[in-house]
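Novice: using only what follows, build the 3D model:
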Amino acid sequence: MSKKLFTPGPGNIPQFIRVQLSKDIIHHRMEDYQHVLFEVTGKLQKVFHTTSDVLILTTSGTGAMESAVVNFFSKGDEVLVINTGFFGERFIQICRTFELNVHSLDYEWGTTYRLEDVKKAFAKYPNIKGVFVIYHETSTGVINNLKELGDFVRHTNALLITDCISGMIHHPFNFDEWYVDCALASSQKGFLLPPGLAFVALSTKAKERMELATLPKYFWDYNKYLSYYKRGQNPYTPAISLVLALDVALDYILEKGVETISKEKRRLREYGEKRLTEIGFTSFIQDDSIKGNVLIPVLINDVDLNKLVEFLDNRYDISVSKGQGKYTDKMLRVGLLSEFTEEDIDYLIEKILEFKAINEVE
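Specialist: Below you'll find the predicted structure:
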């Protein structure tokens, strides 16, 4: 690869995926596409660990987040948002845009939620119809415990809706066993593809709730997708080349094994975090048990972050990311979505040290 994308997404596209993307497309109303769509949705079910329906939308992750709001709720419905970072805040903004009655549990960035707070919220607001949570918070690298949340929410009338956009593939996930009702993912994270596709898994409870929802929707109407999927089609023109590439990517992911990929990423994250702290950065998350596998967030201390990002990009074609929100100029985020090795981490460290040496001289 020429440019190294040490970013939270998208990552570098593997060569075998780029080869597939260079091929001609097929027509989405023909039998050969129907076959591919049936194959791909079956493979997605294996990745999500579910026997439920998994939809494919032509959109970004944020589009999927909005779709999960408009398909299950009506104006004025009470929802609970577990907010542990930038994308938790985005769920709040989307819910308020559609005039839902939002109750939020707001936590310091770099920390996770407390289940007792969720229980207290339900005691105070017994009409909560949905709980929104980010599985892996891309702004901080925190992994939120979905299993314990699902064990609680399943005994209520609320839906558990989770953004797994940077959490899927690289972390353990089980839609059915964790009692998730709606899980969102997208192509440019763990699925090794360019941006453009989003995936939505739906429980039976979620599909029943769809029949009661009155928020306006057209393109996002899940019922249309479910109806068309029965005959192997999308309701609207899909990103055909990405769907064909997804078929190839899923074969690779399933053959290698999601568990293997998750363990590899965790080892790489631990190695990268160790190397970055050795050269003067400070780990942002203090609790090792809530650290995700594909993001290393570190505080920069005395480093000029803007100059570092520019230096790596202009001189070595290395992309790293600044923080988000209040940490824009305080945090370096090193993403591990690409197929990196420890040697790639060492190369990044070498170039950061070069930058620090140059700036010490100046």
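Novice: residues contacting Arg209?
Specialist: Contacts for Arg209 (Cβ atoms under 8 Å, 6 or more residues apart in numbering) come out as Phe72, Lys129, Leu159, Asp181. Bear in mind the C-beta positions are built from the backbone N, C-alpha and C, glycine included.
Novice: in JSON lines: those, plus neighbour count.
Specialist: Converted to JSON lines, the contacts of Arg209 look like this (neighbours: other Cβ atoms under 10 Å):
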{"residue": "Phe72", "neighbour count": "26"}
{"residue": "Lys129", "neighbour count": "20"}
{"residue": "Leu159", "neighbour count": "25"}
{"residue": "Asp181", "neighbour count": "27"}
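Novice: between those, which is nearest Glu39?
Specialist: Asp181 (25.4 Å; Cβ to Cβ).
Novice: now that closest one: how far from Phe73?
Specialist: Separation of Asp181 from Phe73 (Cβ to Cβ, to the nearest Å): 12 Å.
Novice: how about the helices in the stretch 51-200 of the chain?
Specialist: For the stretch 51-200 of the chain, helices defined by DSSP state H, counting those that start in this stretch occupy the ranges 61-70, 86-97, 115-124, 146-153.
Novice: wait, which of the ones you listed is closest to Cys164?
Specialist: helix 146-153 (8.4 Å).
Novice: check which helices and strands the worst-scoring helix or strand of the chain on mean pLDDT sits against.
Specialist: Scoring the helices and strands of the chain by mean pLDDT, DSSP states H and E places helix 342-361 at the bottom, with a mean of 93. The contact analysis (3 or more Cβ pairs under 8 Å, 6 or more residues apart in numbering; DSSP states H and E) places helix 342-361 against strand 4-6, helix 258-278, helix 305-316, strand 318-322.
Novice: buried residues in it?
Specialist: Buried positions in helix 342-361, judged by neighbour count with 16 or more other Cβ atoms under 10 Å: Asp344, Ile345, Tyr347, Leu348, Ile349, Lys351, Ile352, Phe355, Lys356.
Novice: poorly predicted segments of this protein, please.
Specialist: 1, 361-362 (pLDDT under 70).
Novice: domains of it: list them as residue ranges, please.
Specialist: Split into domains by automatic domain parsing, the chain comes to 4-10+258-361, 15-255.
Novice: let me know which of those domains is tucked in deepest.
Specialist: Highest mean neighbour count of these: domain 15-255, a mean of 19 (counted as mean count of other Cβ atoms under 10 Å).
Novice: ends of that one, how far apart?
Specialist: 17 Å (Cα to Cα, to the nearest Å).
Novice: ok, now stretch 127-141?
Specialist: End to end - Cα to Cα - stretch 127-141 spans 31 Å.
Novice: still on that earlier bit, okay, the helices and strands packed on helix 342-361 in CSV with distance to Gly190 next?
Specialist: Converted to CSV, those look like this (distance: least, Cβ to Cβ, whole Å):
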stretch, distance to Gly190
strand 4-6, 14
helix 258-278, 8
helix 305-316, 24
strand 318-322, 17
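Novice: which one of those lies closest to Gly88?
Specialist: Short answer: strand 318-322, nearest of those by Cβ to Cβ, at 18.2 Å.
Novice: residues contacting the closest one, please?
Specialist: Contact partners of strand 318-322, identified using Cβ under 8 Å, 6+ apart, comprise 3-8, 305-306, 308-309, 312-313, 328-329, 331-335, 348, 351.
Novice: any idea of the angle that strand forms with helix 305-316?
Specialist: Interaxial angle, strand 318-322 versus helix 305-316 (axes from the mean of the first three to the mean of the last three Cα atoms, to 10 degrees): 170 degrees.
Novice: strand 318-322 vs helix 342-361, what angle?
Specialist: Strand 318-322 and helix 342-361 are oriented at 70 degrees to each other (the same axes, to 10 degrees).
Novice: and after strand 318-322, which helix or strand comes next?
Specialist: Using DSSP states H and E, the next helix or strand after strand 318-322 towards the C-terminus is strand 331-335.
Novice: one step back: just name the closest of the contacts of Arg209 to Tyr135, please.
Specialist: Nearest member of those to Tyr135, counting by Cβ to Cβ, is Asp181, at 13.5 Å.
Novice: quick check: the closest one touching Lys207?
Specialist: No. Using Cβ atoms under 8 Å, Asp181 is not in contact with Lys207; the gap is 9.2 Å.
Novice: just checking, Ala201 is part of a strand?
Specialist: Yes. Ala201 forms part of a strand when assessed by DSSP: H, G, I helix; E, B strand; the rest coil.
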